[in-house]
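Visitor: sequence unavailable; structure follows:
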C-alpha cells in the first residue's frame, strides 16, 4: 500500500485535472475579511461567504472595531437591509470573531502584514470561541497565511479509506499529514483543502463511497477503500 508521500504527486495531478485550479479570494482582501470568509465558508459555501462580505461592506461593518461593537441582532437587521439573510448563529459568530480579531490585532492593520502578525497562541484562542472548534480555527489561520490544514470530516474519510491514517488517529496528527506533503506552502495547502472538501462531498461520502468515478481512484489501495473501524 503506497503512503501519502508516495501517492502525493499523482493525487495532486488527478485533482488538478478533475477540478482545475480553485478560485481564491481577490488580491487586496484584508485579514479581517479573510477571517470572516473562512468562518462562513465552513458551514455554508464560498458564494454565500462572498455575499456576506459584500453585505457587511455595504453596511459599513468591515472595520474590526465597528463589527466588534455591534450586537448580533443589530447585525442581522443591517444585513437584511443590505439584502442578505443569515442564521442568527452565523451573525453571532461574526461578532465574536470581530471581537477576537480586534483584541488580538487592534485596529492598526498589523494583521494585514504577515511579517508583523503575532500568531503564537491564536489557534487556542480561536478554538475556545463558542461556534468555532479546531477545524474552523485552522481554516481561519490558513486564510491568514498560516501553513495548517483544516481537517474536515471528508478529508479524514479520504485519509482513512486510502490507508494513510487509521481510524484512531487524532485530529492534530491527521491534519499534519497533508500539511507536511505541501512542505509548509500555505497556498498549496489551500488548494489541496479546496479539492479534498469537494471529493469528500461528491465521492467519499460517509456511506457507500463512489469510488468508480472519483478522481482519487488512481491512488486507492489494490483491495479497494478501507473503512473506519466502528
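Guide: On my side now, so go ahead. What you see is a predicted model, and the numbers here were worked out from it, not measured in a lab.
Visitor: what's the closest non-adjacent residue to the spatially most central residue of the chain?
Guide: In the chain, the centroid-proximal residue (CA atoms, centre = their mean) is residue 139; its distance is 3.3 Å. In this structure, residue 139 finds its nearest non-sequential neighbour in residue 150, 3.8 Å apart by CB to CB, 6 or more residues apart in numbering. Using the backbone N, CA and C atoms, a C-beta is placed for each residue, glycine as well.
Visitor: is the residue nearest to the centre of the chain in contact with residue 41, as I believe?
Guide: Yes. With contacts counted by CB atoms under 8 Å, residue 139 reaches residue 41, the gap being 7.4 Å.
Visitor: and the chain, what are its domains?
Guide: 4-23+149-219, 31-143 (automatic domain parsing).
Visitor: buried residues in the host helix or strand of residue 102?
Guide: Assessed by DSSP states H and E, residue 102 sits inside helix 88-105. For helix 88-105, burial by neighbour count (16 or more other CB atoms under 10 Å) applies to 90-102, 104-105.
Visitor: ok, the closest residue to residue 18 other than its chain neighbours - contacts?
Guide: Counting by CB to CB, 6+ apart, residue 215 is the residue found nearest to residue 18 once chain neighbours are left out, at 3.7 Å. Going by CB atoms under 8 Å, 6 or more residues apart in numbering, residue 215 touches 14-15, 17-19, 199, 203.
Visitor: and which of these is nearest residue 133?
Guide: residue 199 (21.6 Å; CB to CB).
Visitor: in the helix or strand harbouring the closest one, what counts as buried?
Guide: Here residue 199, judged by DSSP H and E, is contained in helix 186-202. Within helix 186-202, the residues that qualify as buried are 186, 188-200, counting by 16+ other CB under 10 Å.
Visitor: repeat for stretch 30-38
Guide: 31-38.
Visitor: mind checking which of those are in helices?
Guide: 31-38 (DSSP state H).
Visitor: now flag whichever of those is closest to residue 3.
Guide: The closest of those, once distances to residue 3 are taken by CB to CB, is residue 38, at 29.5 Å.
Visitor: quick one: residues contacting the residue lying closest to that closest one once chain neighbours are set aside.
Guide: Leaving aside its chain neighbours, residue 38 sits nearest to residue 143 (3.8 Å; criterion: CB to CB, 6+ apart). Contacts for residue 143 (CB under 8 Å, 6+ apart) come out as 25, 34-35, 37-38, 190.
Visitor: mind checking how far residue 143 is from residue 189?
Guide: 11 Å (CB to CB, to the nearest Å).
Visitor: could you do residue 154 as well?
Guide: 15 Å.
Visitor: what of residue 8?
Guide: 12 Å.
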